[in-house]
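Just the structure for this:
(2 chains, ligands or ions: 1)
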Amino acid sequence: MAHRLRGAAAITGLGITPMGRIYDKSSTDFAVDAVRLAIADSGLEKSEIDGLLINAGITGNTGGGVSLQLQNALGMGNLRLLNHMNAAGSTAAQMVQYATMAIDAGMVNHVVCVFADAPLREGASAGAAYGGAGRRQGPTGILGLSAGAGHFGANTSYALAAQRHMALYGTTQDQLGAVAVAERSWATMNPHATMRDPLSLEQYHASRWIVEPLHLLDCCLVSNGAVAVIVSSGERAREMAQPPVYIWGMGQGHPGDSRSAGDFPETETGARIAAETVFGMAGVGPEDIDVCELYDCYTYTVVVTLEDYGFCKKGEGGPFVEDGKLGPGGSLPTNTGGGQLSAYYMWGMTPLSEAVIQTRGQGGERQVEKHDLVLATGNGGALNYHASLVLSPHAN
Amino acid sequence: MADDVPVKPVSQPDELTEPFFAAGAEGRLVVAVCTVCGDMRLPTSATCPTCLAEGLEWREVSGKGTVHTFAIMHRRYHPAWEPDLPYNIAVVELEEGPRLPANIVGVENDDIAVGMPVEVVWEREGEAPVPRFRPVA
Ligand SMILES: [Zn+2]
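Predicted structure coming up:
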């Protein structure tokens, strides 16, 4: 018997602002734009929105991030659900999950979930937006040993993770590069994408080291912008403007990091836990998934996520991606908008927004023909936090 | 000496970890042992993550371990680290279980490997003791 909540709610609106090095808007400005676009896309009136879930990006930590004040900027005075949430890159999928549960509980009708960020500053590098944690405050205690060893930011954390996978399983630089190349092929067909020139494996190898084994082109972009989605009941979705994107499965997995022997946070992630829940609720397995939209802060994240969802065995993610199956025409179309590596970096809203587009069948030139089941994942921290959705154009 | 020479950020003792750094200043590596359940850790909180009890004592350990993983930093994030580029950053797993981030010294970056046996060597940045590791001969 199908899970009671399978198909009970649907994503009914999507708003994507212009992305990238846009300096004349605050996070709140971007958030308002994305919500306005999502409302217009859904065909709802603003007054019909009665739930608002907000996720600030890195500016939520560094200053200037979108806050609960967004409610007032949006002039939403009749909310039945409101929160400012943060579980890093897993937040976008989580917002949709909590919206689904609140709708099922009868608390609320239409929930807009928005992510906004504007960390890029004119004349400053993308790295400057994210790499500065160790500089801002003097490190103390055991956690301070990282900055004391010259470990600054997520690039290092993911380089450490990728290196361990390479040492344990023989994963190669060519295999990581295959992810970057496949995603760029998709990005060439995405008008929202920042990086739209085709990429060869040779160009990937020639890109400079950031933290070995990660090249520049193993690392995501940093973007200013916002994305919003609206969640409504499945019943209402059938009468709304867009093809419904039914939520079939919801899962989370948060293994933490004991910083001690016996745990392997670098190579065995929360996706393993989330996979059981999300596939269990949807009543499907990895073999049923047509399209993957996977959080890809780094090429390596895609490799380890595919393993942890059971698309291949643990350790075989490298050879799995190497034959190009993730790219256009491949057997497992993945990150079909170019992902965070080539399109835009809106944390978990990058995979989720493209999943909505593909599930609706609105991908234009890059639309995947068979899109009955789409997996969208979110990952945060150093592979510490994970949430995911299985989406379908079919009610059941 | 010029005042504007950039200084590497070095972790400072806090109330919880003062014994860790004090032992380091004497060239000894200590870890915290929970007085209730015996859980052994490099503590990031005052309570034990296994049994949630308060109360720990510090115990000297072998200082030996293995490279759990490592990376080579090529990007300039901090001006004080610029002369060291490219430099290594490792996670070392102690024989007793706890892991800690540290640089590996006394070896070329190209010769570092996951699983490599290493032992602690306390160095100084200014006055501050910093745990680093070198290959076991
Ligand atoms: Zn204990």
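
For the spatially closest residue to A:E293 that is not a sequence neighbour, give its distance to the ion.
Once flanking residues are discounted, A:E293 sits nearest to A:P351: 3.8 Å by C-beta to C-beta, 6 or more residues apart in numbering or on different chains. (Each C-beta comes from the backbone N, C-alpha and C, glycine too.) In this view, A:P351 and the ion are 39 Å apart by C-beta to the ion, to the nearest Å.

what about the residue nearest to A:Y23 when sequence neighbours are not counted, how many neighbours?
Of all residues not flanking A:Y23 in the chain, A:E122 sits nearest, at 4.9 Å (C-beta to C-beta, 6+ apart). Neighbour count for A:E122, taken as other C-beta atoms under 10 Å in any protein chain shown: 7.

With the one 4 residues further on instead?
Taking other C-beta under 10 Å as the criterion, the count of residues near A:A126 is 17.

list the contacts for residue 103?
With no chain named, the answer covers chain A. A:8-9, A:109, A:111, A:231-233 (C-beta atoms under 8 Å, 6 or more residues apart in numbering or on different chains).

try again with chain B
A:149-150, B:87-90, B:132-133.

swap the cut-off to 10 Å and go again
Shown in contact with B:N103 (C-beta atoms under 10 Å, 6 or more residues apart in numbering or on different chains): A:148-151, B:70, B:73, B:84, B:87-90, B:92, B:123, B:130-134.

again, but for A:I142
Counting by C-beta under 10 Å, 6+ apart, A:I142 has contacts A:259, B:11, B:14, B:16-17, B:20, B:31-32, B:41-45, B:98, B:100-101.

wait, which of those residues is closest to the ion?
B:R41 (9.0 Å; C-beta to the ion).

which non-adjacent residue is nearest whichever residue of the stretch 101-250 of chain A sits closest to the ion?
Nearest residue of the stretch 101-250 of chain A to the ion: A:I142, at 16.5 Å (C-beta to the ion). Leaving aside its sequence neighbours, A:I142 sits nearest to B:L42 (C-beta to C-beta, 6+ apart; 4.7 Å).

Quick check, that neighbour in contact with B:V33.
No. With contact defined as C-beta atoms under 10 Å, B:L42 does not reach B:V33; the gap is 11.2 Å.

how close does the nearest residue to A:P333 once chain neighbours are set aside get to A:V302?
Counting by C-beta to C-beta, 6+ apart, A:V368 is the residue found nearest to A:P333 once chain neighbours are left out, at 4.6 Å. Using C-beta to C-beta, to the nearest Å, A:V368 is found at 17 Å from A:V302.

neighbour-wise, which of these two wins?
A:V302 (30 against 19).

Any regions of the stretch 251-396 of chain A where pLDDT drops low?
Along the stretch 251-396 of chain A, no part satisfies pLDDT under 70.

where do the helices sit along it?
Using DSSP state H, counting those that start in this stretch, the helices of the stretch 251-396 of chain A run over residues A:271-282, A:299-308, A:317-322, A:349-360.

circling back: what sits against the residue nearest to A:I142?
Taking C-beta under 10 Å, 6+ apart, one finds A:141-143, A:145, A:259-260, B:17, B:20, B:29-32, B:94, B:97-100, B:131 in contact with B:L42.

Could you do A:A182 as well?
Applying C-beta under 10 Å, 6+ apart, the residues contacting A:A182 are A:199, A:299, A:302, A:321, A:324-328, A:330, A:332-336, A:338-339, A:341-342.

Just the buried residues out of those residues, in ChimeraX syntax.
Here is the ChimeraX selection string for the buried members of the contacts of A:A182, based on 16 or more other C-beta atoms under 10 Å in any protein chain shown:
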select /A:199,299,302,321,325,326,327,332,333,334,335,336,338,339,341,342
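
Could you list the contact residues of the stretch 51-200 of chain A toward chain B?
Neighbours of chain B within the stretch 51-200 of chain A, by C-beta under 10 Å from any C-beta of the partner chain: A:125, A:127-128, A:131-153, A:155-168.

One more pass at 6 Å, please.
By C-beta under 6 Å from any C-beta of the partner chain, the residues of the stretch 51-200 of chain A that approach chain B are A:131, A:134, A:139-152, A:156, A:159-160, A:163-164, A:167.

Noted, bye for now.
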